[in-house]
Each structure stands twice: as structure tokens, then as C-alpha cells.
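Engineer: A structural model of the following input is requested.
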Amino acid sequence: MNDSSEDFAAMFEASTKARRFQKGQTIEGTIVAIGPDVAFVDVGGKGEAQIEVEELKDEDGDIEVSVGDKIQAVVVSIAGGLQLSRKLARGAASLKQLEDAYRAGLPVEGRVEAEVKGGYEVRIGRQRAFCPFSQIDTIRTEPAAHIGKIYAFRITEYKEGGKNLIVSRRALLEVEQKARAAEVRESIVPGAVLKGRVVSVREFGAFVDLGGGVQGLLHISEMGWSRVTDPSQIVKPGDEITVKVLRVDPAENEKQKISLGLKQLEDDPWSKAAEFYTVGQVRGGRVTRVTEFGAFVELEPGVEGLAHASTFPPTGRPGGWTSQVAPGMTGTFEILSVDPEKKRIGVAMPTEGSARAGSAAPAQPIAPGVHLKGKVERHEKFGVFVFLAPGRTGLIPMSETGVPREGDVARAFPIGSEVEVIVLEVEPSGRRIRLSAKAVHDAKEAEEVREYTERADAAPSLGFGSLADKLRGALKREE
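Structural biologist: Predicted coordinates:
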């Protein structure tokens, strides 16, 4: 092989090695030799790069590195071998180098000095540059978050011989994101736990950058086990958070939506609900919202119970029960039912006589023969429904109201009025309770007769004078 062939082979080998790197990439290497004009840098393996000696001098013109020192530099060319620039990497480039960087699209290092109208003042070496707000990052952040930071920028405008420089950090970030996007998507599978950065916060949730510009949606319902009403109270743009991938649309889907969760990284409080909540308990809670069918009560973060409208004493007005409860109100609530699988707990505000705070059983049992007080809930053709306790409503059949067939039951039993009843029958399930108001009336009448009889039996015998007086009175009435 002749000399020209050997030179060509060496050049080809150097070119192949150079292709391992990309123009604009920052790499680290070790200085292996320093010549009059060029220094050689070992960049790993058998690869060597060249850098001009001028790049290695300080402000006084002295070479500030020695053989064996490690340096960081930017790849400015890969044609015919690697050409490096240390000043571009250190933000100490001359105007000529800045112009070359602008034309080649190479990154330069700059320090964000201050916030100015419309953007930031950036110091690149001895030059001042301007970076618009929209070009400092791929997400919207607080301006103060960037002051004093050193970033890599791309020069987007070079005017007046370098006196007017416009730079963009976002342009470089987007290039990096595209390069990483394919790799990142491979790691995004249901169940994966990943780190990301909050890009924006909306009323329905937050968008999270998982890397490479790939974004997922953290919906408001997945932010916490407790009810979240304002996502901005949980996360803010720029926050670094860890999330769990819940769902990923098929790859053929153009948008390929990614659903994320935050609460899934914590234990579900409902998993232990069956142990902590039992029917009959009275627990503290806070009303979170009131709907037309009932009030939701937070018993602990992530566990809500429903106090159905039917568990409130009737008031005689449609929706009148809502006056007894309001969002934010705290109090004690009786546990009526527990269904951990469906994540449902039925609760009620204890009423006087229904349950005592801290008690696990009703103060007065509902059983046949028991005399109770309740409130009229509604009228039907077949009888009157009476609210006895939260979740316990009984029926007074028409025949047990004591109202004559032609009488007005609604007038005798106004909705919301208190009524005394005697329990006639309770089904084993406890769902149907048969009551009687007539039995109460009959019992009172029997008691009055008994008391009268006892008084009559106890009264002294009538004397002759008294008997004569009665006879005279009878004769006068006949006349």
C-alpha cells in the first residue's frame, strides 16, 4: 500500500470515528499533545480530536492547561475528523466565533443576568444577548427561576457585528426532546413509575413532560385520594414529580394519549375501610358538598360517605333538609352501611333519640310494642310514612291512622309534624316497619279509663244528704 492509500485510510478511519459524535455536542476529553497551533484531545477509544491552541489560552495569552488535563469542549465539525471549541462551551467566545456559531447553528454557553422587558439579558462571554420569555424554556415558569443560571443557547439572530444578539434555549431543548422521544416512549407502559416535569396546570388537571417532549395528562381525579378541586394547589409548572402510567393509547393512535396518576403511589385508604368502619359507629366528619340527593361527608382523607336526603328528618318543605347541612360543616355522623368494594359508606347525622355520640347502638330500639316519636315524611294512598331515625322509616297504614274513612289524613298528619306511634311489626331485614298511631290513641284512652276507674273505686260512699240532693236535681231537670 502506497503513502497516499495509507493517508486515505487514516482519513477514512478518522471520519468514521467522528461520526460517533454530533455537531454541537459537548464532550469531555484528555489533552494528549500540544503543538504550536493545534492540540490533540483523546475523546475515548482510539479517537482523537483537534482544538486550536488559542482556545486553551487565558486572558493574558498563556496556555492554561497541560498534557493529561481533562477539558470540555463543543464539537464544531466532524468533516475529516473532530474539530473542537472550548470557548463555545465556556461562553468565552470571540465575536468571530459567535458569528461562526450562529451560521453553523452551534450552541453557546451564557449566563442569565437579569429580567428585562419581554425577556432576559444573557451574558455570553463579553457580549450581551437577549432571550425572549418564550424562548427560555419549553414550559411556562416563573421568571425568577432562571436568573443566575448558566444554560446553552442557540444564536437565532446576529446583527450589527454581534452587538445585537437574540438567543434561544428552547430551540436546543426541543432538539434534545425529539432525539429522546422514541427512547422515552419505549419506557412508557401501563404500570411504569416515571419522573417528569409539570408543563402546565389547567382546571381539569396537569400536563407532565416525561422526557423528550412526550407529555401525559395527570387528571384532577388522579391527583389524590381526597377530593381535589384546584389542581394548582397540588402541582405547579416546573415541579419535578414522580407519576405512575395508568393508560397508554395504541401506537397507531395519532395523538397516543398517556394517562398518569399520582395517588396510585400511595396506599388506597379504602383498602382498610372494612376494618375501621362498622355499622352503628359514630365518627367525626366534614361535609364536602351538598347535592340534590344528599350530602357527601369526608370521614378521612380519601374516604367519603353519603348522607342521603332520606336520612334527614323531614321539614315539610321540598329540599328543606338542605338547611340542616352545609359544605365545610363538621360534626358526628352515624355509619349506616359499609361497602368497601364499591367504595361506598352510608352515613347520617344522629338525631335526638337515634344514637348517642360514641355509641355503637341506637339509644331506643325499634321493635314490636315500642312506643316511639317520629316525624311525618310523606303521604301515600295506602298510609303515612314516618321518619323514626336516620335510615329508618316506618309506615302507618290507613287503618292504623285513627282517621275516619272520610277524614283528611294530610290535615291530621302534616308533613314535618311530630307523631307518636307504636311499632306493630318489624321485618327480619329491618327494611319494613309497620306502625300504628291509632294504637297510641287507644292506649291513652284505655289508660284514662283505668285511671278514672281507680279514682271511682277509691272515692268514699255517698251519704243520705248527697243522695237527696241528686234526686232533687234530677226532678228539676225532668220539670
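Engineer: give the residue spans of the chain that score low on pLDDT.
Structural biologist: Along the chain, segments meeting pLDDT under 70 span 1-20, 24, 45-47, 87-95, 251-255, 316, 351-364, 429-430, 452, 455-479.
Engineer: how's it carved up into domains?
Structural biologist: Each domain of the chain is listed here as a residue range: 3-90, 95-172, 188-264, 269-348, 366-479, per automatic domain parsing.
Engineer: columns mean neighbour count on top of those domains, output as CSV?
Structural biologist: (C-beta placed from N, C-alpha, C; glycine too.) Conversion of the domains of the chain to CSV gives the following (neighbours: other C-beta atoms under 10 Å):
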stretch, mean neighbour count
domain 3-90, 15
domain 95-172, 17
domain 188-264, 16
domain 269-348, 17
domain 366-479, 14
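Engineer: what's the closest of those domains to Ala182?
Structural biologist: domain 188-264 (7.5 Å; C-beta to C-beta).
Engineer: what is the end-to-end distance of stretch 41-52?
Structural biologist: 11 Å (C-alpha to C-alpha, to the nearest Å).
Engineer: can you list contacts of that stretch?
Structural biologist: 17-18, 20-21, 27-32, 37-40, 71, 73, 75, 81-86 (C-beta atoms under 8 Å, 6 or more residues apart in numbering).
Engineer: may I ask you to name the longest helix in the protein?
Structural biologist: Longest helix in the chain, counting residues (DSSP state H): helix 438-458.
Engineer: what packs against that helix?
Structural biologist: With contacts taken as 3 or more C-beta pairs under 8 Å, 6 or more residues apart in numbering; DSSP states H and E, helix 438-458 sits against strand 418-426.
Engineer: distance from the chain centre to the strand it packs on, please.
Structural biologist: Distance of strand 418-426 from its chain centroid, counting by C-alpha atoms, centre = their mean, to the nearest Å, is 47 Å.
Engineer: for the closest residue to Gln324 other than its chain neighbours, give its distance to Asp249.
Structural biologist: Once flanking residues are discounted, Gln324 sits nearest to Phe312: 5.7 Å by C-beta to C-beta, 6 or more residues apart in numbering. Using C-beta to C-beta, to the nearest Å, Phe312 is found at 45 Å from Asp249.
Engineer: and if you look at Gly205?
Structural biologist: In this view, Gly205 and Asp249 are 16 Å apart by C-beta to C-beta.
Engineer: so who does the residue nearest to Gln324 touch?
Structural biologist: Going by C-beta under 8 Å, 6+ apart, the list of residues near Phe312 reads Trp321, Gln324, Val325, Ala348, Met349, Pro390.
Engineer: again with Gly391
Structural biologist: Contacts of Gly391 by C-beta under 8 Å, 6+ apart are His308, Ser310, Thr311, Leu336, Ser337, Gly346, Ala348.
Engineer: from memory the third one sits against Leu336, does it?
Structural biologist: Yes - the pair formed by Thr311 and Leu336 meets the contact definition of C-beta atoms under 8 Å, at 7.1 Å.
Engineer: which residues are in contact with each of these two?
Structural biologist: Common neighbours of Thr311 and Leu336 (criterion: C-beta under 8 Å, 6+ apart): Gly346, Val347, Ala348, Pro390, Gly391.
Engineer: narrow those residues to those in helices?
Structural biologist: The helices, defined by DSSP H, take in nothing from the shared contacts of Thr311 and Leu336.
Engineer: skipping adjacent residues, who's closest to Ser168 in space?
Structural biologist: Nearest in space to Ser168, with sequence neighbours left out and distances taken as C-beta to C-beta, 6+ apart, is Gln135 at 3.9 Å.
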